[in-house]
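**Q** The amino acid sequence is not available; the structure is as follows:
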């Protein structure tokens, strides 16, 4: 029994950001085009503030135009929709991201529906869900896109492999299943109603865990040599009892990593696996949207 | 070994049309609302003419307003799009169906995209594909909707059952997978690249065959007691060699019916299984679209 290859999402994401930066530089010199990303934050949620700060920094580091709109917590839905309308019409902005969650007076579905689907770099708009479902070019949610890129890097051709996606959310499980199907994998979607989930998982050449339950997927659920992609980010008490008693926490995935790494062929760690890919894929989507707005093909090495 | 129950799609469809007719009558008396379906036929394709004639007849029999637009084979795309625009704006029309195939001078994707998604009773518009993918109310393609209704009639609750969909077309396989997932089945989508398809099929409690290859799925691929839904409609030479030599044909499904019926728990025949459900579900979609246009809930016994 050999140890699984640990898939270094942090390194892959850094390399991807480098390739995106090179493509941005090329767009600037060859087409005088600077991809622009607008991030909208409503309210003072500390976690959201950190995400937004990171997104802005990475956008600028990639050489893109970055705008952050910080609105007060009592912003009305009408005010937010007016801003979305302005960003939709702004030719310097190719991607619009509204940081969730939104305050209770704002309906997130109404806001997401108002974003121009061609600028919807989160890939959450119903039109982009439809494009993905029928195989038209669109914008794909960042996390499953990142998972697909890691998978293709590890496996190469996914054709005929049996992929099991555990979890069926609109932002990870379902788009992930569509992407795997497009890559010619045989795809099973499992979820909370699945009978004998361990046995279903043991059928997977590729196992995607996206359930949000800490270490639910055990080592014994994994086929020897399978590629395991762990999307979960769960905060649990620290290992050390004294630290845990003091409220210290640590982050674990949906897969029992220590058990799984003795059985899987390759596995993403948490943290440092899928997580860093999400913002990198947000930049990639912004680049893609900018290229499409001018009818330019994105570089081959950035087409997953 | 008992013989499979033969699922009588023809009888179920007739009953469904009766229930739709009753609902139409109720809409007329209670709300002065008459659901209207416009069918557009371009050119002289004999099979299409027959389909369109049947659709018109069944629409009128259900008490709905039926309009058929027959356009010459040399109709331009612009002319067809102008008609679609008129139908989109016509308040007496709740469903629009453009019969495929279209003549070569017309791009079917452009025509389907022009139909108001809320009148898209074929469920082919990218917005309806997206609504189905994310779980919003929309209009679902008729054939998978009919399959789901037959399944629920036979099985009741699909929760936790393992459904295998063979085929991944945009009009059957992929929407079928989404509907099964919404019904809380564990869903596998298999296709031409699937490795060991017989073994994958043998895992199915519910097997949906939608590949368009005559009798490809053999009896030995079916788990004992499984529910088999055969979407295939394939024309093959007649059984009698002399008749076959004279060009006579017969219609078979994607499943080897005679083999399968000794193993399956229930199976749809071809013809007389899924086929009759398709037009019935077109009427159902027209009723649904008419109800939604006025904010009326469709009757419970018509909500699959």
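**A** Now that the structure is in, tell me what you want to look at. Predicted, not measured: the structure shown is a model, and the values here were computed from it.
**Q** tell me the phi and psi of residue A:95?
**A** phi -140, psi 140 (degrees, to the nearest 10).
**Q** how deep is it tucked in, by neighbour count?
**A** 28 (other CB atoms under 10 Å in any protein chain shown). To be clear about C-beta, it is placed using only N, CA and C from the backbone, and glycine gets the same treatment.
**Q** Please apply the same query to residue A:105.
**A** By other CB under 10 Å, neighbour count at residue A:105 equals 12.
**Q** What lies in contact with the longest helix seen in chain A?
**A** Counting residues, the longest helix in chain A under DSSP state H turns out to be helix A:9-31. Helix A:9-31 has contacts (CB atoms under 8 Å, 6 or more residues apart in numbering or on different chains) with A:33-35, A:58, A:61-64, A:146, A:149-150, A:153, A:268-269, A:272-277, A:279-281, A:283-284, A:287, A:290-291, A:294, A:296, A:298-299, A:301-302.
**Q** what does the stretch 1-150 of chain A put close to chain B?
**A** Taking CB under 8 Å from any CB of the partner chain as the criterion, the stretch 1-150 of chain A approaches chain B at residues A:125-136.
**Q** Need those residues in JSON lines (columns: secondary structure and neighbour count).
**A** Listed next are these as JSON lines, based on DSSP: H, G, I helix; E, B strand; the rest coil; neighbours: other CB atoms under 10 Å in any protein chain shown:
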{"residue": "A:125", "secondary structure": "coil", "neighbour count": "23"}
{"residue": "A:126", "secondary structure": "helix", "neighbour count": "25"}
{"residue": "A:127", "secondary structure": "helix", "neighbour count": "23"}
{"residue": "A:128", "secondary structure": "helix", "neighbour count": "28"}
{"residue": "A:129", "secondary structure": "helix", "neighbour count": "30"}
{"residue": "A:130", "secondary structure": "helix", "neighbour count": "25"}
{"residue": "A:131", "secondary structure": "helix", "neighbour count": "23"}
{"residue": "A:132", "secondary structure": "helix", "neighbour count": "27"}
{"residue": "A:133", "secondary structure": "helix", "neighbour count": "26"}
{"residue": "A:134", "secondary structure": "helix", "neighbour count": "22"}
{"residue": "A:135", "secondary structure": "coil", "neighbour count": "14"}
{"residue": "A:136", "secondary structure": "coil", "neighbour count": "15"}
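**Q** Looking at these, which is nearest chain B?
**A** residue A:130 (2.8 Å; CB to the nearest CB).
**Q** Which residue comes closest to residue A:84 once chain neighbours are left out?
**A** Distance criterion CB to CB, 6 or more residues apart in numbering or on different chains; nearest residue to residue A:84, sequence neighbours excluded, is residue A:114 at 4.7 Å.
**Q** Check the burial of that neighbour by counting its neighbours.
**A** Close neighbours of residue A:114, defined as other CB under 10 Å, add up to 19.
**Q** Kindly report the same for residue A:233.
**A** Residues lying near residue A:233 (other CB under 10 Å) number 17.
**Q** swap in residue A:177?
**A** Residue A:177 has 29 nearby residues by other CB under 10 Å.
**Q** So the residue nearest to residue A:84 is in contact with residue A:85, correct?
**A** Yes - counting by CB atoms under 8 Å, residue A:114 does reach residue A:85; the two are 7.2 Å apart.
**Q** Would you mark the buried spots in the longest helix of chain A?
**A** If you call a residue buried by 16 or more other CB atoms under 10 Å in any protein chain shown, then helix A:9-31 has these buried ones: A:9-10, A:12-13, A:16-17, A:19-21, A:23-24, A:27.
**Q** Which parts of chain A are helices?
**A** Taking DSSP H, the helices of chain A run over residues A:9-31, A:46-61, A:77-89, A:108-114, A:126-134, A:142-155, A:173-182, A:197-202, A:241-245, A:257-260, A:275-293.
**Q** Contacts for the fourth one, please.
**A** Yep, that's helix A:108-114 we're talking about. With CB under 8 Å, 6+ apart, helix A:108-114 has contacts from A:77, A:80-81, A:84-85, A:88, A:98, A:100-102, A:120, A:122, A:124-126.
**Q** Pretty sure residue A:35 sits against residue A:92.
**A** No - applying CB under 8 Å as the test, residue A:35 and residue A:92 come out as separate, 9.6 Å apart.
**Q** Can you pick out the residue with more neighbours from those two?
**A** residue A:35 (29 against 11).
**Q** Please report how far the more buried one lies from residue A:64.
**A** 5 Å (CB to CB, to the nearest Å).
**Q** what is in contact with the two at once?
**A** A:24, A:286-287.
**Q** Turn the residues you listed into a markdown table, columns for pLDDT and distance to residue B:50.
**A** As requested, the shared contacts of residue A:35 and residue A:64 are exported to a markdown table (pLDDT from 0 to 100; distance: CB to CB, whole Å):
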| residue | pLDDT | distance to residue B:50 |
| --- | --- | --- |
| A:24 | 98 | 56 |
| A:286 | 98 | 50 |
| A:287 | 98 | 50 |
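**Q** between these, which is closest to residue A:39?
**A** Comparing the shared contacts of residue A:35 and residue A:64 against residue A:39 with CB to CB places residue A:286 closest, at 10.4 Å.
**Q** From the centre of chain A, give me the residue that's furthest out.
**A** Most distant residue from the mean C-alpha position of chain A: residue A:242, 34.6 Å away (CA atoms, centre = their mean).
**Q** So which residues of the stretch 201-304 of chain A form strands?
**A** Using DSSP state E, counting those that start in this stretch, the strands of the stretch 201-304 of chain A run over A:206-209, A:227-230, A:234-237, A:249-252, A:266-267.
**Q** Rebuild the ones you listed as a markdown table, extending it with mean pLDDT.
**A** Formatted as a markdown table, these follow (pLDDT from 0 to 100):
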| stretch | mean pLDDT |
| --- | --- |
| strand A:206-209 | 98 |
| strand A:227-230 | 98 |
| strand A:234-237 | 97 |
| strand A:249-252 | 97 |
| strand A:266-267 | 98 |
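**Q** I'd like these as CSV, with distance to residue A:106 and mean neighbour count appended.
**A** Below are these laid out as CSV (distance: least, CB to CB, whole Å; neighbours: other CB atoms under 10 Å in any protein chain shown):
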stretch, distance to residue A:106, mean neighbour count
strand A:206-209, 31, 28
strand A:227-230, 32, 28
strand A:234-237, 26, 13
strand A:249-252, 29, 15
strand A:266-267, 39, 23
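**Q** Tell me which of the ones you listed lies nearest to residue B:187.
**A** Residue B:187 lies closest to strand A:206-209 among the strands of the stretch 201-304 of chain A, at 14.4 Å (CB to CB).
**Q** Quick one: distance of the closest one to the chain centre.
**A** Strand A:206-209 sits 15 Å away from the centroid of its parent chain (CA atoms, centre = their mean, to the nearest Å).
**Q** Could you list the paired strands of that strand along with their orientation?
**A** strand A:162-166 (parallel), strand A:227-230 (parallel) (DSSP bridges).
**Q** what's next to that strand, contact-wise?
**A** A:147, A:151, A:155, A:158, A:161-167, A:173, A:176, A:180, A:185, A:201, A:216-217, A:222-223, A:226-232, A:253-255, A:264.
**Q** if you set the cut-off to 7 Å instead, what comes out?
**A** With CB atoms under 7 Å, 6 or more residues apart in numbering or on different chains as the test, strand A:206-209 has contacts from A:147, A:151, A:161, A:163-166, A:176, A:185, A:201, A:217, A:222, A:226-232, A:253-255.
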